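K.L.:
Next come a sequence and a model predicted from it.
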Amino acid sequence: EGGYSWSAEIPCFHFAVQRLQGLQRNGYMVRKNQERNLDSLKHAYLKELDMLESLVEKYKLSDHQKQTIADLRSRIETYRLSVPLIGAFSSGKTSLLNRYLGTDVFATEMAPETAIASELYFAEAGMEKVVAHYVDGNQQEYPLTDMKQLGQQGSTLLYQEVHLHNTILAAHPDIVLVDMPGLDSTIPAHNKAILNYIKEGVTFILCVATDQTLKQSVLAFLQQLSLYQLDFSVLMTKREMRQPEDLPALQQNMAKSIREITQQEAPIGSVSAWKGQLDDFYSALERIEGRKEALLQDQFVPEIQSLREQIKQSLSLLAKQENLSAQELARKKEDLAQTMQELDRIMAKEKEQVMRECRENLPGDVAGDVQYALQQSKGTLKADLKRGQGVDERVRGIVQNTFRLSGNAVSQKVCSKSAQKVSRY
């Protein structure tokens, strides 16, 4: 396919250049790490918490406010955006995740009572594990090989963390994909897990099989999304069950039904795990990457503003009690404003420096990494060609994943250097 026979020596570098040029024409690009990583925004929030904490300690305000700051700091530091894949049973969400990961991590024929909400995390080699979170609040670590047995504890488990050494998970370090039980489940723990994710303000990917109608459980879930005004995308799975020419009309009808229920315009795509047609899933992840800063702001800014207002009221009360002069309070407010302006100036300068260094360093290193990745996959590609299978989609996946990983690796070095400079202020 594409002019190569199974016995041909694939000229990897030239083949990669052709693929890179094709991707560029179609709008693909390497995202720089500072655009993808939430660390800078987290740092700004943590910096404000530090200033609020200094006020609490200096004026000996309530221990409750101090504990609130500590809890909020911990949540910000560990925050990653959960993206549950949710749908009715047999909607194809688990098969989709398995195909995305390139291996059968999850059983696709699991009974409803043994299905568990499973969060996916990247782990270094030798660090793979499962962390089970129970309904009673306890948690326990297990080896990855015990995951199947944990499924038998379905009614006592709230959710589980699955830590895998799978490089595709490293491509989106701020995102945690979640394989959810079917919406048809009557298990209380399953419903509680769904409610917990709704309360977190996450973004959902709703999976609806092309050979199914919108079930009552899915309709009810859409109403919940509308009630809480949550962000979501829709993927129509099992697209191989329909003729290609029927898909546009099917997606239009789906969009109309969802709009009538939620009063929202949700992005809709279609995938086939069976055929490896995952482009719309990748697009959904890229959309989430583009919105993750806004979602982080929605999660924490209201709480920080509320905390700031509480501390302001406490200081006002203290001023009355201790007869603090209005001039002194104004001076402290002005000092705080000047500190924030200086921090903004430093962050803007560092952002410009990081962007310049990434523009200079990324292209050459990424091209070299793509060449190496394709060379390493030459044997597999030749085998596919020998079996008469196309290699375009596999090569495209290799190039896209290498783009992400290589771009992140190069720009991470630049951003780490910048973070060290900023931390001195």
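P.N.:
All right, it came through fine.
K.L.:
Where do the strands of this structure begin and end?
P.N.:
When assigned using DSSP state E, the strands of the chain occupy the ranges 81-86, 118-122, 129-134, 139-142, 157-164, 175-179, 204-209, 232-237, 268-270.
K.L.:
and the residue nearest the centre of the chain, what does it touch?
P.N.:
The geometric centre of the chain, computed from its C-alpha atoms, lies nearest to Ile175 (Cα atoms, centre = their mean), at 1.9 Å. Contacts of Ile175 were listed using Cβ atoms under 8 Å, 6 or more residues apart in numbering, and they are 80-81, 83, 285, 288-289, 292. Glycine gets a C-beta too; all of them are placed from N, C-alpha and C.
K.L.:
now with 6 Å?
P.N.:
Ile175 makes contacts with 81, 83, as judged by Cβ atoms under 6 Å, 6 or more residues apart in numbering.
K.L.:
got it, and Leu227?
P.N.:
With Cβ under 6 Å, 6+ apart as the criterion, no residue contacts Leu227.
K.L.:
okay, the strands of the chain in a markdown table with distance to Ser74 and mean pLDDT next?
P.N.:
Output for the strands of the chain, formatted as a markdown table (distance: least, Cβ to Cβ, whole Å; pLDDT from 0 to 100):
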| stretch | distance to Ser74 | mean pLDDT |
| --- | --- | --- |
| strand 81-86 | 17 | 94 |
| strand 118-122 | 18 | 95 |
| strand 129-134 | 17 | 94 |
| strand 139-142 | 16 | 95 |
| strand 157-164 | 17 | 92 |
| strand 175-179 | 17 | 94 |
| strand 204-209 | 25 | 95 |
| strand 232-237 | 27 | 96 |
| strand 268-270 | 36 | 95 |
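K.L.:
which one of these lies closest to Lys333?
P.N.:
Of all the strands of the chain, the one in closest proximity to Lys333, counting by Cβ to Cβ, is strand 81-86 (34.0 Å).
K.L.:
Direction included, what does that closest one pair up with?
P.N.:
Each strand that pairs with strand 81-86, with its direction, by DSSP bridges: strand 175-179 (parallel), strand 204-209 (parallel).
K.L.:
relative to strand 118-122, how tilted is that strand?
P.N.:
If you take axes from the mean of the first three to the mean of the last three Cα atoms, to 10 degrees, strand 81-86 sits at 140 degrees to strand 118-122.
K.L.:
Okay, now the unreliable bits of the stretch 51-200 of the chain?
P.N.:
For the stretch 51-200 of the chain, residues meeting the criterion pLDDT under 70 lie at 109-114, 154.
K.L.:
for the strands paired with strand 81-86, which one ends up most surrounded?
P.N.:
The highest mean neighbour count among the strands paired with strand 81-86 belongs to strand 204-209 (a mean of 24), with neighbours defined as mean count of other Cβ atoms under 10 Å.
K.L.:
separation between Arg394 and Asp279?
P.N.:
13 Å (Cβ to Cβ, to the nearest Å).
K.L.:
Neighbours of the residue lying closest to Ile198 once chain neighbours are set aside, how many?
P.N.:
Spatial nearest neighbour of Ile198, chain neighbours left out: Tyr228 (5.7 Å); criterion: Cβ to Cβ, 6 or more residues apart in numbering. One way to gauge burial is a neighbour count; for Tyr228, by other Cβ atoms under 10 Å, it gives 10.
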